[in-house]
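*Asks:* Below is the structure, and that's it, no one-letter string:
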């Protein structure tokens, strides 16, 4: 049952229990200030460390409001952190009747939005923009919008499109780690919002806390990397601190069981030889962690600037798993070179390199050629195909006049690799492997070269399929098609003629 003090915060019983299960209490000043403000529908601007966990009180208030009053809300979160924000939103709303979805793609979300079977959507900026352009997401139908981590977005175009049609009385919640970004967005979109967590304008920046060690790691690998940390540091005692309890089960599964010298805590930290900050702390929390033991900070993508501001001096800690992976890739490339040498060099290559070898140190020539080979790897060369195979990429297809590029809406930030795309194309779309050409992986999308005559059909067949748990969209990228006018350098998908125009300002 919900505690009476939680009930006074205007949270529903189900949401209050879920918030308490995460480790939050009504004694926390943030909960007392944030949760009831959000539950009443007022605007909020929160300055927090760059992690979804700190948004729990605000989301709890918003979810309670939707459960009581109805309506639809949208949470826009950075693409690399989408799973984190989605997990938190689902945890807080699981016992309610709200229909919630984390949009790893746009097809299912578009269908549910059009069918009016979705109350709370968690989406990346790119997915939000796509849903707006499709007309599936209507800004005018939203009662609340949560803007999460805007300083870590690739672009705020989705926000500009959304806010142009958002009703004046819709609730606006901005949760940011950068006070300057939060202030700019508040001035533009949420002038009457209650601002919490920002330092006073004339306050000097806090002194960095240190020394600390740091480990760069993907959001989804934070729990699994703890075993490597334990092996490398071999501390007499280890405490893992988290901002909430949402990942305690995953952390417990990653660490050896039954070891009394290993603890996982939320809140106050007992003294230990090593303290691992699983979530990015604020500077006051980091100071308390440093008082309890040697601190190791996990640094997921997007948190680097925050960590640099609060911690110093910092020393990066390289884990064996990451070093071993890099070493394995280097060994594979060296094996390719050895095979080429032992197989005999082509005469034309010797003729081209002879003058260079006489003029420059052979080691410098080899290093320059290797650098060019690694960076460009021409699609027409046999060595490029071998290099792709060693690196786990598909063989490159010669760029003939009959080739075209297809835009695929999944990229590096989703954890996607060329192999993932090749697997779907060959196994599900039935594209012969030798017809799949060069694959360019960008942060939010890929471009794959395919036969021009079949590219459009393959794109249609690829749309709606899942890559790395994300349902993707695929389109013929006419701006990149062979034979397109030289001046056309656009790097995205073909523009949709039926798209809405951005509102004029």
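*Replies:* That came in fine, so what should we check first? What you see is a predicted model; the values in this text were computed from it and never measured. Residues are numbered from 1 along each chain as shown.

*Asks:* Can you list the low-confidence ranges for this protein?
*Replies:* Counting by pLDDT under 70, the chain shows low-confidence ranges at 1-5, 321-330, 332, 336, 339-348, 373-402, 478-505.

*Asks:* which stretches of the stretch 1-150 of the chain form strands?
*Replies:* Remark: strands assigned in the stretch 1-150 of the chain by DSSP state E, counting those that start in this stretch are 44-47, 72-76, 100-103, 120-123, 142-148.

*Asks:* The stretch 201-350 of the chain: helices as residue ranges?
*Replies:* For the stretch 201-350 of the chain, applying DSSP state H, counting those that start in this stretch gives helices covering 222-233, 248-254, 283-292, 304-310, 320-342, 347-359.

*Asks:* And these: which comes nearest residue 168?
*Replies:* helix 304-310 (32.8 Å; C-beta to C-beta). For the C-beta atoms, the positions are set from N, CA and C on the backbone; glycine is no exception.

*Asks:* Can you name the residues in contact with the closest one?
*Replies:* For helix 304-310, contacts defined as C-beta atoms under 8 Å, 6 or more residues apart in numbering pick out 49-50, 177-178, 205-206, 208-209, 214, 280-283, 286, 297, 299, 314.

*Asks:* Next: stretch 214-227.
*Replies:* With C-beta under 8 Å, 6+ apart as the test, stretch 214-227 has contacts from 80-81, 83-84, 229, 240, 247, 250-251, 253-256, 276, 278, 296-301, 307, 311, 314-317, 319, 321, 415.

*Asks:* Pull out the buried members of these.
*Replies:* Using 16 or more other C-beta atoms under 10 Å as the burial test, the contacts of stretch 214-227 include 80-81, 83-84, 229, 240, 247, 251, 254-255, 276, 278, 296-301, 307, 311, 314, 317, 319, 415 as buried.

*Asks:* picking up where we left off before, indicate which one of the helices of the stretch 201-350 of the chain is closest to residue 461.
*Replies:* With C-beta to C-beta as the criterion, residue 461 lies closest to helix 320-342 of those, at 32.2 Å.

*Asks:* who's in contact with residue 113?
*Replies:* Residues in contact with residue 113, defined by C-beta under 8 Å, 6+ apart, are 121, 131, 136-138.

*Asks:* go again using 6 Å as the cut-off
*Replies:* Residues near residue 113 by C-beta atoms under 6 Å, 6 or more residues apart in numbering: 136-137.

*Asks:* which residues touch the closest residue in space to residue 111 that isn't next to it in sequence?
*Replies:* Once flanking residues are discounted, residue 111 sits nearest to residue 136: 7.9 Å by C-beta to C-beta, 6 or more residues apart in numbering. With contacts defined as C-beta under 6 Å, 6+ apart, residue 136 is in contact with 110, 113-114.

*Asks:* Quick one: end-to-end length of stretch 265-277, please.
*Replies:* 10 Å (C-alpha to C-alpha, to the nearest Å).

*Asks:* Can you list the buried residues in it?
*Replies:* For stretch 265-277, burial by neighbour count (16+ other C-beta under 10 Å) applies to 265-266, 269, 272, 274-277.

*Asks:* Which single one of those is nearest to residue 36?
*Replies:* Nearest member of the buried residues of stretch 265-277 to residue 36, counting by C-beta to C-beta, is residue 266, at 22.4 Å.

*Asks:* can you tell me how far that closest one sits from residue 424?
*Replies:* 39 Å (C-beta to C-beta, to the nearest Å).

*Asks:* With residue 410 instead?
*Replies:* Distance from residue 410 to residue 424, by C-beta to C-beta: 10 Å.

*Asks:* Find the residues that touch each one of these two.
*Replies:* Residues touching both residue 410 and residue 424 by C-beta under 6 Å, 6+ apart: residue 467.

*Asks:* If you count surrounding residues, which of those two has more?
*Replies:* Ranked by neighbour count (other C-beta atoms under 10 Å), residue 410 and residue 424 place residue 410 first, with 28 against 20.

*Asks:* quick one: contacts for that one?
*Replies:* Residue 410 touches 416, 467, 470, 472, counting by C-beta under 6 Å, 6+ apart.

*Asks:* Just name the closest of the residues you listed to residue 127, please.
*Replies:* Each of the contacts of residue 410 was scored against residue 127 by C-beta to C-beta, and residue 470 proved nearest at 9.0 Å.

*Asks:* count of residues packed around the closest residue to that closest one other than its chain neighbours?
*Replies:* Nearest residue to residue 470, sequence neighbours excluded (C-beta to C-beta, 6+ apart): residue 104, at 3.8 Å. Residue 104 is flanked by 24 other residues according to other C-beta under 10 Å.
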